[in-house]
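1. Just to be clear, the model below is a prediction. Sequence and coordinates:
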Amino acid sequence: MSLPANPVIRLQGIHTRYGQHWVHQDLQLDVQRGDLLALVGGSGAGKTTLLRQMIGLQKPDSGIVELFGEALMAGSRAERFARRRRAGVLFQQGALFSALSVFDNIAFPLREFGGLLEDEIRALVLSRLDMVELKPQHAVLMPAQLSGGMVKRVALARALALEPELLLLDEPTAGLDPERSGRFVDLIRSLHDGLGLTVVFVTHDLDTLSALANRVAVLAEHRILALGSLDEVHAVDHPFINKFFRYRQTVDEAGEPGL
Amino acid sequence: MKRHARAQALLKAPPPSLQRQGQRVVLAGDWSLFALRPRLLWTRAQLRLQGRGAEEWDLTGVSRLDAFGALLVLRCWAGREPATLVIDERQRAAFERIRASAAAVLPTVRRDWLLPVRWLGQTLCSAGSHVRDFADMLGMVVLEAMRFAIEPRSIPFKEFSAALYKAGMQALPISALVGFLIGVVLSYLSALQLRNFGAEALIINILGIGIIRELGPVLVSILVAGRSGSAITAQLGVMRVTEEIDALSAMGVSRYQRLVWPKVLALAIAMPLLVAWTSAAALAGGMVCADVLLDIEWAYFASALPNVVPIQNLYIGLAKGGAFGVTIALIACHFGLRVKPNTESLSANTTASVVTAITAVILLDAIFAMLTRGIGVPLR
């Protein structure tokens, strides 16, 4: 099987450090179109940092970041911003603009994009709300009036506003109860299938991982330790991977006889 | 790797296009938001001109159709489906997704004729709530002070020291600079007038009383209200936004003890000292200017000053400083604790804090002037 020439994201030789502490050393990672890639690793392994580097919110100390086959910082200001608009980001806390209503939050990227008529924006915002299973009457609420799960949904709707090709999710299910988190995972899955998105997400939650990912990248020892389907990664014999996934296995094994 | 082949095809997709062939409209190319954006006006016009009344739509040549592309086409139909529509599953899904939303309406806010009445009521209630909250805080501050007397262990020395450093120590350079320059300007303007009357020596009286009694305290108050008052409000406000204040309460730590008291006490002590410092700087500026313009030597200026300015003026100036400091700190804390967890409330309260503090200081100054009108003014 031959891989296509241009992965959506290509990270090459990424070095990052905070002070004296190395986070990434010579890290390589390619994300292919259509991937649902999970980035897992211990706390402080630099998963969120890597996610931020993919869209240029943070610059690695050295290394190459390519987005959609072009260097992240290449081209004029307009080209750089246009490249960034093709990616949507769901921040861990949602990062909704607290001064704007739900409607205006989702409409914001559309209005910034320019050229759209107000009633087109309205229809698009409502379709995004519908996509994340929120009702039109939620549109007039302010972010402070939303529950945690709704904040995530609205933030996802905002990230999807411009129909991005790439969706980056930082801990999409953190802070949601198991049922909500399960529904959120289903939602992202259906969006991935329906819109043909490429999704990269960071997670600590093994349930989310197994329910959502079609590829898994394990970040440890300053690099991508293993990359492949969940089973392939499971099969890798490495102390960190054994420890990381063993907890779940023991839970499964302990749980089975009782069922 | 069918998916990847499709992806490659997408990358090389031609721009969106539209052709009318008799009753038939043929769409082709990439009908997504990003591809449509550069030729949006053209596409809208084409849809309106060519698409009108067409009975047959063929979308087989469209490589990508997103919600926005579907919306444009849907709006062209104006609610009436064409008789023949050639689309694939993916495109049908895009139409389905947008169709319901295009028709849906936002819950409209009903026009409220009672709005002015409601506004008046809300304004009065909010004024009332300000008074209540402020009184609440004042009472709590006094109660905390009593608790300090019983339980000296709970006095927040560290916070007090930090606040003193920030509000006092770090304000020294800027207040000295402003004071010195005001002194120079005041001395210069007075000197021009006094020279006309041959009353040069009176400049010591004018600067001495004016700066020590009035200008020094008010000047420093305005500086501190802008500098420390806004900082206190913003700090408490951010702590509110990040739920730090709730965390304090949950740990059973009084916010008045830990947050309000150190700041009130710090400003109560720092302000008189800052007033003395700034007045000294302003007098120094005045001396320099008087030396240059009126040939009054600075040594003479300094030795004459205690004779023409009764010492009560200094006490009044310092007392004012302390009172203004407490006022600024209380007002800043009051607005800081009223911040609601959103960015707009934070900025509105910070602005209100500074404006209210400066207004309150000037009001207080007027009251001080009335109460002390017989003290320290040499009447001849």
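-> Received, thanks. As the structure is a prediction and not an experimental result, all values here were calculated from the model.

2. Now A:L100: closest residue in space, sequence neighbours ignored.
-> Nearest residue to A:L100 in three dimensions, chain neighbours excluded: A:F108, at 6.7 Å (CB to CB, 6 or more residues apart in numbering or on different chains). Where C-beta positions appear, they are placed from N, C-alpha and C, glycine not excepted.

3. Could you measure from the one you found over to chain B?
-> According to CB to the nearest CB, to the nearest Å, A:F108 and chain B sit 14 Å apart.

4. Correct me if wrong: that residue contacts A:F97.
-> Yes. Counting by CB atoms under 8 Å, A:F108 touches A:F97, with 6.8 Å between them.

5. got a pLDDT number for residue 3?
-> Let's take chain A. With respect to pLDDT, A:L3 scores 46.

6. Let me rephrase: I mean chain B.
-> On pLDDT, B:R3 comes in at 47.

7. How about the residues of the stretch 151-259 of chain A by chain B?
-> When proximity is defined as CB under 8 Å from any CB of the partner chain, the stretch 151-259 of chain A approaches chain B at A:L162, A:E163, A:G194, A:L195, A:G196.

8. neighbouring strands for the lengthiest strand in chain B, and are they parallel or not?
-> For chain B, the strand reaching the highest residue count under DSSP state E is reported as strand B:56-65. Its sheet considered, strand B:56-65 pairs with strand B:24-31 (parallel), strand B:84-86 (parallel) by DSSP bridges.

9. got the CA positions of that strand in CSV?
-> Extracted in CSV, the C-alpha atoms of strand B:56-65 (Å, rounded to 0.1, in the frame of the first residue of the first chain):
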residue,chain,number,x,y,z
GLU,B,56,-33.7,19.9,-13.7
TRP,B,57,-30.6,20.1,-11.5
ASP,B,58,-27.5,17.9,-12.1
LEU,B,59,-24.9,17.9,-9.3
THR,B,60,-23.0,14.8,-10.5
GLY,B,61,-20.0,17.0,-11.4
VAL,B,62,-19.7,18.5,-8.0
SER,B,63,-16.6,17.1,-6.2
ARG,B,64,-17.5,18.5,-2.8
LEU,B,65,-20.7,20.1,-1.4
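
10. And the next helix or strand past it?
-> Heading C-terminal from strand B:56-65, the first helix or strand you meet, by DSSP states H and E, is helix B:67-77.

11. So B:A304 belongs to a helix, correct?
-> Yes. The assignment for B:A304 by DSSP: H, G, I helix; E, B strand; the rest coil puts it in a helix.

12. Give me the number of neighbouring residues for residue 55.
-> No chain in the question, so chain A it is. A:I55 is flanked by 20 other residues according to other CB atoms under 10 Å in any protein chain shown.

13. actually it's chain B I care about, not the one you picked
-> B:E55 is flanked by 12 other residues according to other CB under 10 Å.

14. so what's residue 100 up against?
-> No chain specified, so I'll use chain A. Neighbouring residues of A:L100 by CB atoms under 8 Å, 6 or more residues apart in numbering or on different chains: A:F108, A:M142, A:P143.

15. I was thinking of chain B, sorry if that wasn't clear
-> So B:A100 contacts A:S127, A:D130 (CB under 8 Å, 6+ apart).

16. what helix or strand is it on?
-> With DSSP H and E as the test, B:A100 turns up in helix B:89-103.

17. starting at the chain centroid, how far to that helix?
-> For helix B:89-103, the distance from its own C-alpha centre to the chain's C-alpha centre is 44 Å (CA atoms, centre = their mean, to the nearest Å).

18. One more: stretch B:344-352?
-> That offset, for stretch B:344-352, works out to 5 Å (CA atoms, centre = their mean).

19. From the rest of the structure, what touches it?
-> With contacts defined as CB under 8 Å, 6+ apart, stretch B:344-352 is touched by A:S98, A:A99, B:S230, B:T233, B:A234, B:G237, B:V238, B:V241, B:F335, B:G336, B:R338, B:V339.

20. of those residues, closest to B:G121?
-> Using CB to CB, B:R338 comes nearest to B:G121 of the contacts of stretch B:344-352, at 19.0 Å.

21. Find the nearest non-adjacent residue to that closest one, please.
-> Closest to B:R338 by CB to CB, 6+ apart is B:N349, at 5.9 Å.

22. For the residue nearest to B:Q23 when sequence neighbours are not counted, grab phi and psi.
-> Leaving aside its chain neighbours, B:Q23 sits nearest to B:E55 (4.9 Å; criterion: CB to CB, 6+ apart). Main-chain torsions, B:E55, degrees, to the nearest 10: phi -100, psi -10.
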